[in-house]
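Enquirer: make a model of this:
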Amino acid sequence: MSSHSLSFPLAPEGAARFEASVFDDPAFAGGRVRAIRSHETWLDTRDGGLRACGLALSVVSAAGRHAMRPRHWPDHVDVDWTDAPIAGQSPDFTALPETYRDACPEAFSPGALASAFECALEGRERLLTCERTQVAVAIVHGSIAAGGKSIEVCEARLELHAGRQHEFLAVARSLFPFARLRLDFSSPAEKGFRLAAGVWGAPVGKIGASIHSQMNAAEAFTAVIESCLRQFSLNDAVVATADEVEAVHQIRVAIRRLRAALSLFAPILRGVEFERLKAEFKWLFASLGAARDLDVLREQVASSGKGLAAALDGRSLDALEERRRAAHIAAKRMLASPRVEALLFDTAAFIYAGEWRRSSERAQMRDRGLSVCEFASRRLGKRYREFQNMAKEFACLDSEGLHDLRISAKGLRYFFEFLEPLARGPKAHERFREGVDSLADVQDNLGQVHDIDTQCATLAAASQNDRAFLTTEWLWEMKSRRDDLLQRARRDTRRAARAKPFWEAI
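Expert: Model (predicted):
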């Protein structure tokens with residue numbers, strides 16, 4: 001997905017309904033319908049060397065023509081190369097520009113590149129015209145195949161041919177009545193390489209943002225948010241097809257990172273829509289919290305041994321498991337709801353065509369045009385000082401204060417990770433590592449403290465014998481562990497507060 005193209009996966013019945021409305025209804029305003037068919041073979045070295053250099057390459061065959069298609073990876077942004085026509089489906093590396101080959105010369109040594117996966121699609125396309133805006137709407141079916149496995153593809157695709165982005169998104173929104181349209185922020189290439197690696201269908205952890213020092217703050221924000229939404233979409237696909245506990249957790253991680261990005265870039269985003277999106281993602285994150293908390297609790301009960309089992313009889317354990325299953329069913333329904341579908345589309349509209357991009361407010365315009373390095377230095381400096389002030393009061397913090405400190409450390413850590421590509425020099429990278437590792441330790445230890453508090457409260461409420469529970473060896477063990485974790489968190493907080501700012505060395 002990009003600012004000029006959108007993809008909406010569809011169930012077969014949804015695809016049929018969409019196709020009948022957009023392509024077969026003579027009352028629907030649009031240009032001539034044409035058939036499309038394409039075959040694309042993606043290439044890389046066995047160890048992913050081309051992508052490691054920030055590049056991607058495929059051989060595309062469509063309408064009897066063949067071409068090599070060089071790109072940047074993973075964003076396909078700042079593309080400096082055009083398709084290179086070739087005689088057939090076999091790769092012809094001599095057709096590629098020297099600037100592309102020179103960016104990763106080892107990948108173009110004899111025998112280094114091979115087919116990673118193939119994508120075969122066919123369908124129909126129609127060009128819609130709305131005043132000065134032209135949008136190609138396609139419905140495609142096919143598959144992505146690698147190593148004897150495949151992913152079925154059925155989706156609606158929209159591509160802006162002429163006009164402005166906000167007009168493009170308005171055309172896309174006008175198609176919502178014809179089918180349940182849910183934006184997919186991951187690309188076919190991303191799916192294909194995961195399939196080739198044997199990890200398609202597995203939960204996906206954080207995805208780094210492709211930012212560089214030549215970007216301004218607005219461009220960096222777009223890259224960071226896109227990385228969060230790609231993580232969301234890839235895990236959303238797992239949850240939709242399986243009862244995957246870790247995928248729900250990773251969706252929450254993606255939302256948490258997205259909310260941190262909104263906080264980091266808030267000075268350039270201010271406005272009514274910004275506040276609404278913040279509130280919606282806060283709601284979604286909280287709605288998925290019960291499932292995650294009960295998953296963690298189940299793991300704790302399973303690993304606790306006889307002490308806890310003696311305090312919680314079978315009925316209590318059954319009740320907890322029933323609550324956990326119900327929470328996962330509710331989470332799955334929530335993720336599939338029209339409200340979340342609308343939120344995903346509204347987020348894309350905000351990223352690519354939000355009012356913040358056109359705001360004439362002086363401070364917003366100034367910050368929007370700052371280099372990402374200067375913007376990061378200002379924002380990280382402010383947030384780091386806030387964390388240092390909280391760290392000084394560690395000994396006086398109650399449970400609520402410890403929770404606030406954990407949230408501060410977590411947000412600061414995410415800020416660091418978003419901007420990791422900027423920490424290129426030895427000094428900046430060393431400072432980055434020290435800062436992010438110490439913040440991760442603070443987050444982890446205080447997170448475990450929070451989990452213990454939550455688990456004790458939940459288990460006490462669930463126990464059929466409160467007296468037995470309150471005297472169980474497990475509870476005393478948890479209290480002792482909590483004290484130990486607090487000591488570690490205090491040490492790590494001091495270490496994090498003393499870390500030298502990496503942004504002062506970039």
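Enquirer: contact partners for Cys228?
Expert: Taking Cβ atoms under 8 Å, 6 or more residues apart in numbering, we find Cys228 in contact with Ile207, Ala254, Ile255, Arg257, Leu258, Ala261. The C-beta positions use only the backbone N, C-alpha and C, and glycine is treated the same way.
Enquirer: quick one: it from Leu335, how far?
Expert: 15 Å (Cβ to Cβ, to the nearest Å).
Enquirer: what of Gly111?
Expert: Taking Cβ to Cβ as the measure, Gly111 falls 44 Å from Leu335.
Enquirer: for this structure, what's the longest helix?
Expert: Longest helix in the chain by number of residues, with DSSP state H as the criterion: helix 426-462.
Enquirer: show me how far that helix is from its chain's centre.
Expert: 21 Å (Cα atoms, centre = their mean, to the nearest Å).
Enquirer: who are the packing partners of it?
Expert: With contacts taken as 3 or more Cβ pairs under 8 Å, 6 or more residues apart in numbering; DSSP states H and E, helix 426-462 sits against helix 289-302, helix 314-335, helix 399-418, helix 466-470, helix 473-498.
Enquirer: and the average pLDDT for the longest one is what?
Expert: Along helix 473-498, the predicted confidence averages to a pLDDT of 88.
Enquirer: and for the shortest one?
Expert: Model confidence over helix 466-470 averages 50 on the pLDDT scale.
Enquirer: mind listing what's buried in the host helix or strand of Glu40?
Expert: For Glu40, the element it lies in under DSSP states H and E is strand 33-44. In terms of neighbour count (16 or more other Cβ atoms under 10 Å), strand 33-44 has its buried residues at Ile36, His39, Glu40, Thr41, Trp42, Leu43, Asp44.
Enquirer: now swap in stretch 189-205 and tell me
Expert: Buried, per 16+ other Cβ under 10 Å, within stretch 189-205: 189-196, 200-204.
Enquirer: send me that stretch as CSV with only the CA atoms.
Expert: Written as CSV, here are the backbone C-alpha positions of stretch 189-205 (Å, rounded to 0.1, in the frame of the first residue of the first chain):
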residue,chain,number,x,y,z
ALA,A,189,6.1,-9.0,-1.9
GLU,A,190,6.1,-9.0,1.9
LYS,A,191,3.7,-11.9,1.9
GLY,A,192,5.7,-13.8,-0.8
PHE,A,193,9.1,-13.5,1.0
ARG,A,194,7.5,-14.6,4.3
LEU,A,195,6.0,-17.6,2.4
ALA,A,196,9.4,-18.4,0.9
ALA,A,197,11.0,-18.2,4.3
GLY,A,198,8.4,-20.6,5.7
VAL,A,199,7.0,-18.1,8.2
TRP,A,200,3.8,-17.0,6.5
GLY,A,201,0.9,-17.4,9.0
ALA,A,202,3.3,-16.9,12.0
PRO,A,203,3.0,-13.8,14.2
VAL,A,204,5.1,-10.8,13.1
GLY,A,205,7.2,-8.7,15.5
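Enquirer: what's it in contact with?
Expert: Here stretch 189-205 has contacts from 42, 44, 48, 51, 56, 58, 73-74, 116-119, 144-147, 149-151, 230-231, 234-235, 237-238, 241-242, 244, 246-247, 249-250, 253, using Cβ under 8 Å, 6+ apart.
Enquirer: quick one: low-confidence parts of this protein?
Expert: 1, 25-30, 75-80, 243, 303-316, 458-474 (pLDDT under 70).
Enquirer: how about the strands in it?
Expert: Using DSSP state E, the strands of the chain run over 5-9, 33-44, 55-62, 65-72, 84-86, 114-130, 133-146, 149-162.
Enquirer: can you put the ones you listed in TSV and add distance to Thr99?
Expert: Below are the strands of the chain laid out as TSV (distance: least, Cβ to Cβ, whole Å):
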stretch	distance to Thr99
strand 5-9	25
strand 33-44	18
strand 55-62	11
strand 65-72	9
strand 84-86	12
strand 114-130	23
strand 133-146	29
strand 149-162	26
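Enquirer: can you tell me how far Ile268 sits from Val224?
Expert: In this view, Ile268 and Val224 are 12 Å apart by Cβ to Cβ.
Enquirer: actually Cys53, sorry about that
Expert: 22 Å.
Enquirer: go on, Glu341?
Expert: Taking Cβ to Cβ, one finds Glu341 at 23 Å from Val224.
Enquirer: which one of these two has more residues nearby?
Expert: Using other Cβ atoms under 10 Å, the more surrounded residue of Glu341 and Val224 is Val224, with 27 against 17.
Enquirer: so Trp356 sits against Val272, correct?
Expert: No. Between Trp356 and Val272 there is no contact under Cβ atoms under 8 Å: 10.6 Å.
Enquirer: ok, those two, which is more surrounded?
Expert: Using other Cβ under 10 Å as the criterion, Trp356 and Val272 rank with Trp356 on top: 20 against 8.
Enquirer: ok, the more buried one - contacts?
Expert: Trp356 neighbours (Cβ under 8 Å, 6+ apart): Ile268, Leu269, Arg270, Gly271, Glu273, Phe274, Phe350, Gln364, Arg368.
Enquirer: how about a cut-off of 10 Å?
Expert: Going by Cβ atoms under 10 Å, 6 or more residues apart in numbering, Trp356 touches Ala218, Phe221, Phe265, Ile268, Leu269, Arg270, Gly271, Glu273, Phe274, Phe350, Gln364, Arg368.
Enquirer: what is the nearest of these to Leu486?
Expert: Sorting these by distance to Leu486 puts Phe265 at the head of the list, at 33.1 Å, by Cβ to Cβ.
Enquirer: next one: the closest one from Thr94, what distance?
Expert: In terms of Cβ to Cβ, Phe265 sits 43 Å off from Thr94.
Enquirer: what about the two, which has more around it?
Expert: Phe265 (24 against 10).
Enquirer: ok, the residue nearest to Val253 when sequence neighbours are not counted - contacts?
Expert: What sits nearest to Val253 in space, not counting adjacent residues and going by Cβ to Cβ, 6 or more residues apart in numbering, is Lys206, at 6.6 Å. The contact partners of Lys206, by Cβ under 10 Å, 6+ apart, come to Ser227, Cys228, Gln231, Gln250, Val253, Ala254, Arg257, Tyr414, Glu417, Phe418.
Enquirer: reformat these as TSV; add distance to Cys130.
Expert: Shown next, in TSV, are those (distance: Cβ to Cβ, whole Å):
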residue	distance to Cys130
Ser227	31
Cys228	31
Gln231	33
Gln250	38
Val253	38
Ala254	33
Arg257	35
Tyr414	39
Glu417	40
Phe418	36
